[in-house]
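In: Test case, fold it:
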Amino acid sequence: MIRGAAPLARSVARLRPRRADYAGLRRTWRGDVVAGMTVGVVALPLALAFGIATGLGAQVGLITAIVAGLVAAVFGGSNVQVSGPTGAMTVVLVPVVARHGADAVLVVGIMAGILVIASAFLWIGRFLAYVPWPVVEGFTVGIAVIIFLQQVPLALGVARPDAENTAAAAVQAVGEALDHGQPAALGIVLLVAAVMVVAPRLHRTLPSSLLAVVLATVVVRAAGLDVAQIGTLPGTLPLPALPSIGLGEASSLFSAALAVAVLSALESLLSAKVADGMADMPPHDPDRELFGQGLANLASPLFGGMPATGAIARTAVNVRSGARTRVASIVHALVLVVVVLLGGGLVSQIPLAALAGVLMVTAVRMVEVHNVRAVLRATRSDALVLCLTAFATVAFDLIVAVEIGLAAAAVLALRQVARTAQITTVAAAELDRDRSDSLLHEGIVTYRLDGALFFGAAQRFLTELTAVTDARVVVLRLPDLQVLDATGAQALGEIVAELEDRGITVLLKGPRPEHLRVLSVTRALDQLAHENHLFDDLEAALAHARQHIAGAPEDDREPILTGSLS
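Out: Below you'll find the model as predicted:
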């Protein structure tokens, strides 16, 4: 067998679809079909709108929802994830279309797909586990707010304002609605919301969102209301073909492809993680999810589509509509195929306000109030991270939001760890009080360093220890030190040098082997006055300190050291 073939085969086997993906289908297939149909209806206007927003056309958005949605559903790592074009991806693709043309987007999608697949084989998906819970909850809250605000223009019956920020567009829409809004559109939204709230209370299995859309459409037709509808749809699906673009131009698109790959991976994994919290089922496989999204981004451009990601709004609708297996996501794609081929005339009459109502209710339901309350009440740091992430998601975009959330969480975590670092005068814990007072009278001060001595706490250690004035010998006990990095070791060397320069001898007791190595390579031990000033026993260090104060020559003192500078 070719070297390396076996690991590759194992990786492929780990990422391939399994029969377990459809466990319980005999029991849940009806709910999955209904959920898939509901998501298909909800996904339709979104796919068309995102296609138009990128400048590629409505058909491109619809093809993306079909092809990427189907491939990701079969090969992805989440049983309830729904993939397709998203608003965040649109933001990345608009400048690519403007600079390089429509074909460039197809090349970017293929390149991004390859990068995402590679990340799956490298097991990068597991690192999402390091994203703190407050960041995930803040991301969820921010996405929910964006989904809700995106529907405000449709709910008020006004054109979507030309504003990059969703919140700003919603405010402008409210202002325009005061002059020429459509009360009928708002009435449809309220009707849909009422049906979606009441229907589950009548019977849990009722497809509330689908019933709401159908009822709203019937009301509009019966009353002859003049409200915006989906409109004419494309009637065919293209055959697969490679994009026509030169190799040289393709190489210039690598940075754009990298950005698309990062966005696709991050948004899909976070969406799947959020879905895990909404659905009562086994968690998603992050590496399989990346593999599925990578394949989806390879397939979509071949059919004329654009890059896709896991879509939190459609995924939320899927879960809330009763989806339990990936059959729901597959049905969602097939529904869109049927719509393209057969049902364009009927679906074109669905009022956009009805779909806006579905998404508004879904957005509200996305926010798990008990989770948010738990994070806010946990610690002030957790509350700050959640609020920062949510605000950044609404004010900027999800990539920036996650970066800000992770950065804030890291800084606050380091700050908390730094606070655990302590410098304690050794007294009753290791020595009785009389003996401790006797040592002080002799001019010997013993300190115990606890916690973490790293870059976040080094300056405080430096300030506290160099303030010693009434001692001739300082014994620094290091066994209880949990963390020591290069900055902390350098600070410890500066402490030793400062005290030695002031005529105060420093003895080190018991650094751990791993810490001793750090102290050696950073040359912190070189600051000790003599190589015999390193011990692993407190009594030996104190005896050596007394000999030093008594004035015995260093080399004549009892050989009680356990380490050296060499």
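
In: drop to CA atoms for contacts and neighbour counts, all remaining ones
Out: Noted.

In: buried ones in the strand or helix carrying residue 377?
Out: Element membership for residue 377 (DSSP states H and E) is helix 369-378. For helix 369-378, a neighbour-count test (16 or more other C-alpha atoms under 10 Å) marks 372, 375, 376 as buried.

In: ok, now which ones touch the first one?
Out: What that stands for is residue 372. Contacts for residue 372 (C-alpha atoms under 8 Å, 6 or more residues apart in numbering) come out as residue 137.

In: Ok, the second one next?
Out: Taking C-alpha under 8 Å, 6+ apart, we find residue 375 in contact with 134, 382, 383, 386.

In: In three-state terms, how would the second one be classified?
Out: To tie it back to what came earlier, the one meant is residue 382. helix (DSSP: H, G, I helix; E, B strand; the rest coil).

In: any idea how far residue 345 is from it?
Out: 50 Å (C-alpha to C-alpha, to the nearest Å).

In: When these two are compared, which one has more neighbours?
Out: Set side by side, residue 382 and residue 345 give different neighbour counts by other C-alpha atoms under 10 Å, the larger being at residue 382 (22 against 14).

In: Give me the pLDDT for the more buried one.
Out: What the model reports as pLDDT for residue 382 is 90.

In: That one contacts residue 136, doesn't it?
Out: No: the criterion here is C-alpha atoms under 8 Å, and residue 382 misses it with residue 136 at 11.3 Å.

In: Make sure I have this right: residue 449 is in a helix.
Out: No: checked against three-state DSSP, residue 449 lies outside a helix; its state is strand.

In: isn't it right up against residue 482?
Out: No: in this structure residue 449 lies outside contact range of residue 482 using C-alpha under 8 Å: 9.2 Å.

In: ok, those two, which is more surrounded?
Out: With neighbours defined as other C-alpha under 10 Å, residue 449 and residue 482 compare such that residue 449 has more, 21 against 15.

In: Surely residue 323 forms part of a helix?
Out: No: secondary structure assignment (three-state DSSP) places residue 323 in coil, not in a helix.

In: Could you report the distance from residue 326 to residue 24?
Out: 11 Å.

In: for residue 147, that is, sorry about that
Out: Residue 147 is 32 Å from residue 24, by C-alpha to C-alpha.

In: before we move on, what about residue 440?
Out: Counting by C-alpha to C-alpha - residue 440 and residue 24 are separated by 73 Å.

In: and the two? which has more neighbours close in?
Out: For residue 440 versus residue 24, neighbours defined as other C-alpha under 10 Å are more numerous around residue 440 (15 against 11).

In: Could you double-check that residue 470 lies in contact with residue 439?
Out: No: the pair residue 470 / residue 439 is not scored as a contact, 11.7 Å apart, by C-alpha under 8 Å.

In: the more surrounded of those two?
Out: Counted by other C-alpha under 10 Å, residue 470 and residue 439 do not tie: residue 439 has more neighbours, with 20 against 12.

In: hang on, that one in a helix?
Out: Yes: counting by three-state DSSP, one finds residue 439 located in a helix.

In: Can you give me the neighbour number for the nearest residue to it once chain neighbours are set aside?
Out: Nearest residue to residue 439 in three dimensions, chain neighbours excluded: residue 445, at 6.8 Å (C-alpha to C-alpha, 6 or more residues apart in numbering). Neighbour count for residue 445, taken as other C-alpha under 10 Å: 24.

In: repeat for residue 226
Out: Residue 226 has 13 nearby residues by other C-alpha under 10 Å.

In: Same check on residue 411?
Out: Using other C-alpha under 10 Å, residue 411 has 14 neighbouring residues.

In: Where do the strands of the protein begin and end?
Out: 83-84, 309-310, 422-425, 444-453, 473-477, 481-484, 505-509, 534-535 (DSSP state E).

In: Lowest average confidence across those, which one?
Out: Among the strands of the chain, strand 422-425 has the lowest mean pLDDT, at a mean of 60.

In: Out of the contacts of residue 375, which is nearest to residue 56?
Out: Proximity of the contacts of residue 375 to residue 56 (C-alpha to C-alpha) peaks at residue 386, which lies at 35.7 Å.

In: Wait, the closest one touches residue 140, no?
Out: No: Residue 386 is not in contact with residue 140 according to C-alpha under 8 Å; the separation is 9.6 Å.

In: Tell me how far the closest residue to residue 82 other than its chain neighbours lies from residue 478.
Out: Spatial nearest neighbour of residue 82, chain neighbours left out: residue 315 (4.9 Å); criterion: C-alpha to C-alpha, 6+ apart. As judged by C-alpha to C-alpha, residue 315 and residue 478 stand 52 Å apart.
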